[in-house]
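Trainee: The sequence isn't on hand, but the structure is:
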């Protein structure tokens, strides 16, 4: 579980003081990292009338700047993280926040969701200065945090109905502790206000208990676990910063129990951030609309699309990978990863061999490349592929998937996860961290089973047909509907509008992923054709294993976007994409989880027979499940693989070998693996994932809901919920977040690649 | 049976966090220094009675000036108070400090193990930071300190 300090004051410094302020900020961040925090938010305050000048202009710090001041930062950070229980490779996130001092209701009314200035910040907080402002803030203002200055006599009363209203809306109350440390007078005041604070906390708990009975806030309760309090430092200098457990203990002075205090520093912050980011980046909190212009976009950003977990909140480019980045070869590594991604992708696409794909090989980008070639199955470069394919596939897939995902947010989610995954993949590649490859998750199995998958070529949209045919064969054997794959692909495609045409099962790398997305649609189409049923492709839980999974993820994202575009293309693409994605995934998976898993999946895949398929499926699901569980653990490739695959297979069966886990993040789609049934149509709203959907198991992401004929939505919701829960539970490891596709029938689980 | 239940905290001290690069210690950590700082903080925050009740079992058992690690004992009832007071310490003498509790355990044995592990890691950091200026004295000093940990008793 990560620890966050969401209030580090940022001062708009006049040019003369710029360096001092920046230095102070750097020092604070360094200290925060050393103390074990995994995320900070730079808080800018403003009063009065909001204008365009107030747009976010907070420069985020780079690792280089931090290392300059503290060269041995990484060793220290690792040490502390181990002590606290935070995984070493979880990235350090930086967010931007604005606090509006509100005197009058008019000032409060500015805080609505349409305000463009607010949109430039990650988090928005309000500090009411009188009663009316407070009432308005609790009931109507569209903010994330209500911050009250307890270090002075409160100018207003706190009333239960107001607080209840705020809690039910999902607004958090913030307590800053720097006043306790700074000055005796402030300390005195704050502790004497402690009674009020205690009241708030109790009210919060009471409200949650009440609201838990209300259906409409069920989600909220799940997410917040009944606590809407966060603790933050407000430290204007390093000396006011304290470690997370120290802070929790301090708040016991205020009458907050240790358990709640610990949650306030970690879980609540995380939930807050993920909510905030979701609101910010998703239309109506479900559909993610991403301006996908090119592959680079995914590369540059931390994988964040739809990540359930913290990936969501990752601000662009700031999710430093601790371990990887801190190494001297910081730049080098990044470059490497990028290159790796690209390489994989391309190679995969080009040379998709028809023989089975070996997961093990997939493991590292380079290897993966070769593998993908071989197996062609590379289920999708986990990270990259998915995204890409999604994008590209999106179009085609959309068609296919139509039933499925279409949920825009799914797509976006997928995309995000994919991106994230890609990035994570990239990162992984760099660091070679095993966990990092969600991509590898591509269940190699898929790849194997589908010679066509090797579609890397196909992905290029060309050979889709060829692949498709192959796929068909395989599919039929396995009964996997390529649809799923397609769908997956399409999803990805959707994500990458630019890619619509091309579905490149980009291997893992984001970039690659994007490409894949494009190709995916094609495959999908092809697969679709093959599988009559493919319509539901997703549901058919086809053998896609990797493909589907990856595709699914991608497709999800893409779907939204490209849906309209190329339904046909999608089909074709999707198929190929899936394959490719699968391959990629496989690769990734391999890397991550090691061969065993994949091997298994491979085997499965190989057995085309329905029976074997079934087994396969089970395996897949198992894997998925494992993935799900593993997702939590960083570096657990297997898991990733499983999850990813699952996700991928949203569309179809996808041998869940794919590190669905990794994909989890990306894939919101539920893998519809209807392997069992061979071709199963995914009914809209149904979770494609067949029983194998391990996701369910894997707490994290969506658990693949077994062919649930139930509306996907349910699944989606569940997935969502699960994700959330997982998200919270998960440690920092970036697990691919599954973004449940709300609309649409299928839940595409986009497993975001693990990011480490 | 021993009726007094204690808690042992392994604490690291960050000296002068505002300084950019590690400079030579502005103040040498000693048992007396640290103890005084914490006692003052308890007095200010919890008053005479708070100080009196915590003082019974409160003791700074071990301090390593090189790695800035301390082991502090407090009674079980007052552990939270002492911890909060310690968190609120802002300076030792003239030097700004930051206390960070690494480990909290109920027995001296567990505490010793944790302290030894932390010492190792912190010494590595120290060596990294110091670089070439490492002298034999320092290493010798470290050895002594480790010995001291090993013979700690309640």
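Mentor: Yep, that arrived. Bear in mind the structure is a predicted one, so any value in this text is a computation, not a measurement.
Trainee: Could you check how far residue B:38 is from residue A:272?
Mentor: Distance, residue B:38 to residue A:272, by Cβ to Cβ, to the nearest Å: 34 Å. Quick note: C-beta positions are derived from backbone N, CA and C, even for glycine.
Trainee: for the lengthiest helix in chain B, packing partners?
Mentor: When chain B is parsed with DSSP state H, its longest helix is helix B:31-55. Judged by 3 or more Cβ pairs under 8 Å, 6 or more residues apart in numbering or on different chains; DSSP states H and E, the packing partners of helix B:31-55 are strand B:59-64, strand B:69-75, helix B:79-87, strand B:91-92.
Trainee: Provide the count of other residues in contact range of residue A:64.
Mentor: Neighbour count for residue A:64, taken as other Cβ atoms under 10 Å in any protein chain shown: 10.
Trainee: er, residue B:105 actually
Mentor: With other Cβ under 10 Å as criterion, residue B:105 counts 17.
Trainee: and if you look at residue B:44?
Mentor: With other Cβ under 10 Å as criterion, residue B:44 counts 15.
Trainee: For the helices and strands packed on helix B:31-55, give me a markdown table that also has mean pLDDT.
Mentor: Formatted as a markdown table, the helices and strands packed on helix B:31-55 follow (pLDDT from 0 to 100):
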| stretch | mean pLDDT |
| --- | --- |
| strand B:59-64 | 91 |
| strand B:69-75 | 93 |
| helix B:79-87 | 92 |
| strand B:91-92 | 86 |
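Trainee: Of these, which is nearest chain A?
Mentor: helix B:79-87 (4.5 Å; Cβ to the nearest Cβ).
Trainee: what does that closest one rub up against?
Mentor: For helix B:79-87, the external contacting residues (Cβ atoms under 8 Å, 6 or more residues apart in numbering or on different chains) are A:181, A:242, A:246-247, A:249-250, A:252-253, B:7, B:9, B:11, B:38, B:41-42, B:45-46, B:50, B:54, B:58, B:72, B:74, B:99, B:101, B:104.
Trainee: Residue numbers of chain A in contact with chain B?
Mentor: Contact residues, chain A versus chain B (Cβ under 8 Å from any Cβ of the partner chain): A:23, A:27, A:31, A:35, A:69, A:71-72, A:75-76, A:79-80, A:83, A:180-181, A:184, A:187, A:237-239, A:241-243, A:245-247, A:249-250, A:252-253.
Trainee: Return the subset of these lying in strands.
Mentor: Using DSSP state E, no member of the residues of chain A next to chain B falls in strands.
Trainee: wait, which of the helices and strands packed on helix B:31-55 is closest to residue A:121?
Mentor: helix B:79-87 (30.3 Å; Cβ to Cβ).
Trainee: Look up phi and psi at residue A:41.
Mentor: The phi/psi pair for residue A:41 (degrees, to the nearest 10) reads phi -130, psi 130.
Trainee: Retrieve the pLDDT associated with it.
Mentor: Among the per-residue scores, residue A:41 shows a pLDDT of 88.
Trainee: Just the buried positions in the longest helix of chain B, please.
Mentor: For helix B:31-55, the neighbour count (16 or more other Cβ atoms under 10 Å in any protein chain shown) marks B:33-35, B:37-39, B:41-43, B:45-46, B:50-51, B:53-55 as buried.
Trainee: Name all residues that make contact with residue A:4.
Mentor: Going by Cβ under 8 Å, 6+ apart, residue A:4 touches A:37-41, A:93, A:230, A:232, A:265-266, A:269-270, A:273.
Trainee: From the residues you listed, pick the one nearest residue A:123.
Mentor: When the contacts of residue A:4 are ranked by distance to residue A:123 (Cβ to Cβ), residue A:41 comes first, at 5.7 Å.
Trainee: And that closest one, how far from residue B:79?
Mentor: From residue A:41 to residue B:79 the distance is 31 Å (Cβ to Cβ).
Trainee: So for these two, which residue has more residues nearby?
Mentor: Using other Cβ under 10 Å, the more surrounded residue of residue A:41 and residue B:79 is residue A:41, with 30 against 23.
Trainee: right, and that one touches residue A:28 too?
Mentor: No - using Cβ atoms under 8 Å, residue A:41 makes no contact with residue A:28, being 11.9 Å away.
Trainee: Spell out which residues are contacts of both of those two.
Mentor: With Cβ under 8 Å, 6+ apart, residue A:41 and residue A:28 have common neighbours residue A:8.
Trainee: In a strand, residue A:46, correct?
Mentor: Yes - under DSSP: H, G, I helix; E, B strand; the rest coil, residue A:46 sits within a strand.
Trainee: Quick check: which ranges of the chain have low pLDDT?
Mentor: Picked chain A for this. A:13, A:204-227, A:281-756 (pLDDT under 70).
Trainee: oops, I was thinking of chain B
Mentor: Across chain B, the ranges flagged by pLDDT under 70 are B:1, B:19-25, B:134.
Trainee: Residue numbers of it in contact with chain A?
Mentor: Near chain A, when you scan chain B using Cβ under 8 Å from any Cβ, you find B:14, B:17-18, B:20-21, B:44-45, B:80, B:83-84, B:87-88, B:90, B:96, B:98-103, B:118, B:121-122, B:124-125, B:128-129.
Trainee: Inside strands: which ones of these?
Mentor: Per DSSP E, these map to strands at B:14, B:96, B:98-103.
Trainee: Same list (those residues) but as a markdown table, adding neighbour count.
Mentor: As requested, these are exported to a markdown table (neighbours: other Cβ atoms under 10 Å in any protein chain shown):
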| residue | neighbour count |
| --- | --- |
| B:14 | 17 |
| B:96 | 19 |
| B:98 | 25 |
| B:99 | 26 |
| B:100 | 24 |
| B:101 | 20 |
| B:102 | 22 |
| B:103 | 18 |
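Trainee: The residues you listed: which two are farthest apart?
Mentor: B:96 and B:103 (23.6 Å).
Trainee: Give the burial count for residue A:78, as a bare number.
Mentor: Other residues close to residue A:78 by other Cβ under 10 Å number 17.
Trainee: now the residue nearest to it when sequence neighbours are not counted, what's its secondary structure?
Mentor: Once flanking residues are discounted, residue A:78 sits nearest to residue A:88: 5.3 Å by Cβ to Cβ, 6 or more residues apart in numbering or on different chains. Secondary structure state of residue A:88, per three-state DSSP, is coil.
Trainee: With that, I have no additional questions.
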